[in-house]
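>>> Show me how the following folds:
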Amino acid sequence: MLFGKTSFCFIAAHLAAGFTKVNRRVEEFERISKEVAESLAYSPAEEVEAIAPSGDGQKRISAIRKGERNPLERTFNYVFWFGDLNFRLHSTRLNVDKLLQSSQIANLILLDQLTHYREFHPAFLGFSEGKITFKLFTFNISI
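Sure, this is the predicted structure:
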C-alpha cells in the first residue's frame, strides 16, 4: 500500500503452534517475508542496488540467507505483522505462574522467544513491538 511516497505492508499470519516449534515459526516468518518482498517487490533498479551490487540485474531474492536482514525492511517503509505468531515464553509453566503472581512482567518479557529473535536473529532486526502493559492469560480447560 502506498500513501504518498510512503509504502506500507500489512501481513496477517498464523505461524506454527507449540513450544518446540520455534525453528519452524522462524522459517515460516522468513519464507513469508521473502515471498511478500518478491511478489510486491521494488523496481529492478532498486533490486540491483540492494541485492546484487555487482550489477547482475537478473538476480532475485532467493532466501533470507544466514546473516542477511529481512527483505521487507528494504522493500517497504513500514511493515506491520498481525495474527498469531505463536512465540512462547521460554520457561516452565510453574516459573511463569510465579512471575505472573508477583507481577514480574519485565522478567517474563526477557523469556519471550520473539523478544530474543528480534534482538539476535537477522531476519527480525529492525522490527519492534509496542510495550506490553497488560496481563496475558491462558486458560486450561479440564474435562
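>>> For T6, name its beta-bridge partners.
Beta-bridge partners of T6, counted by DSSP bridges, are F3.
>>> That one and S33: what is the separation?
Per C-beta to C-beta, to the nearest Å, T6 is found 19 Å from S33. Glycine gets a C-beta too; all of them are placed from N, C-alpha and C.
>>> Those two - which one has more neighbours?
Applying other C-beta atoms under 10 Å to T6 and S33 shows that S33 carries more neighbours, namely 26 against 10.
>>> What pLDDT is listed against that one?
Each residue has a pLDDT score; the one for S33 is 92.
>>> helices or strands next to the helix or strand where it lies in the packing?
Assigned by DSSP states H and E, S33 falls within helix 22-39. Counting contacts by 3 or more C-beta pairs under 8 Å, 6 or more residues apart in numbering; DSSP states H and E, helix 22-39 packs against strand 6-14, helix 72-75, helix 113-120.
>>> any residues touching that helix, and which ones?
Residues outside helix 22-39 that contact it (C-beta atoms under 8 Å, 6 or more residues apart in numbering): 9, 11, 13, 15-16, 60-61, 63-64, 70-72, 75, 85-88, 113, 117, 121, 123-124.
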